[in-house]
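*Asks:* Kindly return the folded structure for what I paste below:
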Amino acid sequence: MPSLLTIIMYHYVRDVQGSRFPDIKGLTVEQFSAQIDYIKKYYTVVGGRELLDAIAPGGELPPRAALLTFDDGYIDHLLNVYPILDRNHLSACFFPVAKAVLEHHVLNVNKIHFVLASTTDKEKIISRIYHWLDEYRASYELPSNNDYWIRLAVAGRFDTPEIVFTKHLLQRELPTDLRDIITSLLFGEFVTSDETAFASELYMNNEQLVSLYRSGMYIGGHGYSHNWLNTLDRAEQERDIDAGLDFIKSVGDSPGGWIFSYPYGAYNDSLLSVLRDRGFNIGLTLHVGIARLDADQLLTLPRLNTNDLPKLADSSPNDWTRQVIGEGQAVLH
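*Replies:* Numbers count the residues shown, from 1 in each chain. Here you go, the predicted model:
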């Protein structure tokens, strides 16, 4: 029985060249369309409902199954992604953040993305971060700027040390309230002071999400506030998950259970328990790999990044694709 599932994660899909934010990390529409052609050539794309059916008793996946997942509910997904999916008769999973949609709030993760994309001179951003750290150092008893740099400025899979430093500092390292303060100050300085207007241009609204659902797309859970859910106590996790679940239920139902995409890929045993209690059957992490539904914990399935697959339609199968050509091959996690 086929059990391999290649889950592919997307965020921004937009024509960035010539835009105000040419450095935003994402795919161009042409790259996405070409990657879809590549995926159709070597995989069988399944939707969220098909995946939930596959894990039910008697269900199964088709050979070379792939699931397309789009996090954070960007307007890109309606304007640029959906027409290509529709043209190719494909379904996909979308994971909007309730707070962004309902409160017109720009998530900190997106504020950081657009601050970083606002200039090619990352040293300018680092300088302003140091300035604000100096301003708040005494109040929060912060380590030195050099200490932060030494510990955090380590290149990632797709990011330079400067970008990793900024993300880690503003997403996790600083006290929560100070993260919010400094991120908002940088966003106002480098991007815009009108957060509500920016949010309205960045995210889909409720009606647009409903239209995606009615067009055969799957709308899953991504929490209410896009928090690091593994840092919250159980009661806080329950409030965030319940509010997020109420939101996606207002968009559409999911009779076979629910799929959850972890903000930042973060989870712990407490969160897994909360999700099980609320009827979530599948969880998508940032662990890199190909999922095995017969062996993996269904609430902690790995995913590939879009950059792990070719962006040219006529590309030969790469290492990840070769692992699923012919079921039964070993899969590396």
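
*Asks:* just so I have it, where are all the strands in the stretch 1-150 of the chain?
*Replies:* Listed in chain order, the strands of the stretch 1-150 of the chain (DSSP state E, counting those that start in this stretch) span residues 4-10, 12-13, 26-27, 44-46, 65-72, 93-96.

*Asks:* same question, the stretch 201-333 of the chain
*Replies:* Counting by DSSP E, counting those that start in this stretch, the strands of the stretch 201-333 of the chain are 218-219, 258-261, 280-288, 291-292, 301-305.

*Asks:* ok, residues contacting stretch 294-302?
*Replies:* 1, 3, 5, 7, 55, 260, 267, 272, 275-276, 280-285, 287-291, 333 (Cβ atoms under 8 Å, 6 or more residues apart in numbering). No exception for glycine: its C-beta is placed from N, CA and C like everyone else's.

*Asks:* Pull out the buried members of the residues you listed.
*Replies:* By neighbour count, with 16 or more other Cβ atoms under 10 Å, those hold 3, 5, 7, 55, 260, 267, 272, 275, 280-285, 289-291 as buried.

*Asks:* Break this structure down into its structural domains.
*Replies:* 4-104+203-322, 119-190 (automatic domain parsing).

*Asks:* State the pLDDT value of residue 331.
*Replies:* Residue 331 is assigned 40 on the pLDDT scale.

*Asks:* How much space separates residue 28 from residue 92?
*Replies:* Separation of residue 28 from residue 92 (Cβ to Cβ, to the nearest Å): 18 Å.

*Asks:* Look at those two and report which has more neighbours.
*Replies:* The residue with more neighbours, out of residue 28 and residue 92, is residue 92; 24 against 16, by other Cβ atoms under 10 Å.

*Asks:* Would you mind confirming that the more buried one makes contact with residue 68?
*Replies:* Yes: applying Cβ atoms under 8 Å, one finds residue 92 in contact with residue 68, separated by 3.9 Å.

*Asks:* residues shared between the contacts of the two?
*Replies:* In contact with both residue 92 and residue 68: 45, 85, using Cβ under 8 Å, 6+ apart.

*Asks:* tell me the helices in the stretch 51-200 of the chain, going along the chain?
*Replies:* 75-76, 82-87, 98-103, 108-117, 122-140, 145-152, 161-168, 176-190, 195-202 (DSSP state H, counting those that start in this stretch).

*Asks:* Check whether residue 324 really touches residue 64, as I assumed.
*Replies:* Yes: under the criterion of Cβ under 8 Å, residue 324 makes contact with residue 64 at 5.2 Å.

*Asks:* list residues touching both of the two?
*Replies:* Applying Cβ under 8 Å, 6+ apart, one finds that residue 324 and residue 64 are jointly contacted by 4, 6, 42, 43.

*Asks:* so what's the last one closest to, chain neighbours aside?
*Replies:* Of all residues beyond its chain neighbours, the one nearest residue 43 is residue 66 (3.8 Å), with distances taken as Cβ to Cβ, 6 or more residues apart in numbering.

*Asks:* That neighbour: neighbour count?
*Replies:* When neighbours are defined as other Cβ under 10 Å, residue 66 has 24 of them.

*Asks:* Repeat that for residue 131.
*Replies:* Residue 131, neighbours per other Cβ under 10 Å, totals 12.

*Asks:* again with the one 5 residues further on
*Replies:* Applying other Cβ under 10 Å, we find 15 other residues in the vicinity of residue 136.

*Asks:* So for residue 235, which of the strands of the stretch 1-150 of the chain sits nearest?
*Replies:* strand 93-96 (23.4 Å; Cβ to Cβ).

*Asks:* Report the buried residues of that closest one.
*Replies:* Along strand 93-96, these residues count as buried under the neighbour rule (16+ other Cβ under 10 Å): 93, 94, 95, 96.

*Asks:* Since that was my last question, I'll sign off now.
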